[in-house]
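[1] next come a sequence and a model predicted from it.
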Amino acid sequence: MKIIQYWVILTIYTVIFSSCSMEGENELSRPEGTCDTLRLYPNKSEEISIKEIIKQTKFIPLETHEEGLIGMIHCIKYFNGKFFIHDETKVTVFDHQGRFLGNLGSLGRGPEEYTSCDEFIIDKFNGHLIISNHLTGRDLIYFDSTLKFLYKKRYNENVESILPMKDESYCLYFGNRFQEEHDHYIKLTDTNFETKDNLIPKSDEIDHSISQIFHGTYLYKGEVNVVPMFSNTVYRVDLNGVRPRYYFDFGDYSIDQAFLKSTEVLSSRDQFRAIKKAKYVYSTDRFIETNNWLHFTYSSGTEGLHFVFYNKKTGKIYDSQGFRDTPALGITSLPYGQKGESVIYTVDPFLLTGKGEAALSFQKHVLPKSGELMTLKQQTTFSSNPILVLGELK
């Protein structure tokens, strides 16, 4: 594995603003509005310095504890001075300096336990920490801000994601995996999961790309944003309905109708795989929004993984497959979350201490350029937990 596959190279393009007409777009039950159109070019690239976007990075080594060893990370969330690391089996909690505080519940079938840790939810409106085990148990397990168990609540929906909203409400997002059960992407409910409204009718009509199969949602300033399957549009969702916020135009990477027809008999998952093998853009994922920036990734069949930074104030798009001098800042992973205006990445201890080809290359070409990483290397072992990297956006 070459280390360069994780490093991000970015390009500058001008964003064109335009109105997104509501007509003919799944006949959404909401008023018309406007949104920003981001024109993206998967087959073009131009190296720039990441310092045009990230003004500084901060390193936070996570304490290594036998009860808090971190596996493959799904996401990292910051709340009330704590980092919550959600991996494939649990949520591990650290303070703002990286000291281990404990785990949120545990696997099992007891009152305070969960049978799978599928989604970690922060309810900022009520100060609750929630684990959803919708793949195995369809329970929400509630904890307070001190990590103390509160109660468990049952629900009966095949969901991809559950997000708390204002006014004691939940937004339930359904992907296309359960087409026979739900004919809308969004259901608004009260906290007892009684339906308030259904929004965004499901569609099998593919736009330029299709969004990530799992968890096509994110929060910004406490508001729910949804990227429906098969859509290039980000929608803001509230109790009054939905409105478009961003539209992604991939130009020549628009899906050919003949190709689409050849895959129409496939399931949505197999259709996803077929598009992934072709040249088309097949996913958008990992949305992070701050006051000044929208940050996300997308993948295309021929150009691979792209990291995109969109400056909401200037309208500039920085897009390509890697930044020049990214590794020297310690940015060697996918984005996992945010803390204020900073994007959270990680440095794998293997890169600092390992003996494989990728690690040795990193140690030879990158470490000498960063005094801080050199210092961290002396404190790191092969079995250490990862180092958090907070990239503060300009």
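    Received, thanks.
[2] any low-confidence regions in the stretch 151-300 of the chain?
    177-180, 212-214 (pLDDT under 70).
[3] so which residues of it form helices?
    Under the criterion DSSP state H, counting those that start in this stretch, helices of the stretch 151-300 of the chain are mapped to 257-263, 268-277.
[4] and the strands in the stretch 101-250 of the chain?
    106-107, 113-114, 119-123, 128-132, 139-143, 149-154, 161-165, 169-173, 184-190, 195-201, 217-220, 223-226, 233-238, 241-249 (DSSP state E, counting those that start in this stretch).
[5] so which other helices or strands are in contact with the longest one?
    Packed against strand 241-249, as judged by 3 or more CB pairs under 8 Å, 6 or more residues apart in numbering; DSSP states H and E, are the following elements: strand 35-39, strand 195-201, strand 233-238. Placement of C-beta: from N, CA and C, glycine included.
[6] how far does it sit from its chain's centre?
    Taking CA atoms, centre = their mean, to the nearest Å, the mean C-alpha location of strand 241-249 is offset from the chain mean by 17 Å.
[7] CA atoms of it as PDB?
    As requested, C-alpha coordinates have been extracted for strand 241-249 and formatted as PDB (Å, rounded to 0.1, in the frame of the first residue of the first chain):
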ATOM      1  CA  GLY A 241     -40.200  20.600   5.200                       C
ATOM      2  CA  VAL A 242     -37.100  20.500   3.100                       C
ATOM      3  CA  ARG A 243     -35.200  23.000   0.900                       C
ATOM      4  CA  PRO A 244     -32.100  22.500  -1.300                       C
ATOM      5  CA  ARG A 245     -28.800  23.900  -0.100                       C
ATOM      6  CA  TYR A 246     -26.100  22.600  -2.500                       C
ATOM      7  CA  TYR A 247     -26.200  20.900  -5.900                       C
ATOM      8  CA  PHE A 248     -23.200  19.000  -7.300                       C
ATOM      9  CA  ASP A 249     -22.700  19.200 -11.100                       C
END
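[8] strand 184-190 and that one, what's the angle between them?
    Relative orientation of strand 241-249 and strand 184-190, computed by axes from the mean of the first three to the mean of the last three CA atoms, to 10 degrees: 150 degrees.
[9] begin at 11 from now on, thanks
    I'll keep to 11 as the first residue from here, and by that count the last item is strand 251-259.
[10] adjacent strands (with direction) for strand 251-259?
    Taking DSSP bridges as the criterion, strand 251-259 sits next to strand 45-49 (parallel), strand 243-248 (antiparallel) in its sheet.
[11] got the angle between that strand and strand 205-211?
    Going by the same axes, to 10 degrees, strand 251-259 makes 30 degrees with strand 205-211.
[12] kindly report the same for the fourth one.
    Taking the same axes, to 10 degrees, one finds that strand 138-142 is oriented at 60 degrees with respect to strand 205-211.
[13] strand partners (parallel or antiparallel) of strand 138-142?
    Taking DSSP bridges as the criterion, strand 138-142 forms sheet pairs with strand 129-133 (antiparallel), strand 149-153 (antiparallel).
[14] how many residues are close by N202?
    9 (other CB atoms under 10 Å).
[15] do S310 as well
    23.
[16] that one touches Y263, doesn't it?
    Yes - using CB atoms under 8 Å, S310 and Y263 qualify as a contacting pair, with a distance of 6.4 Å.
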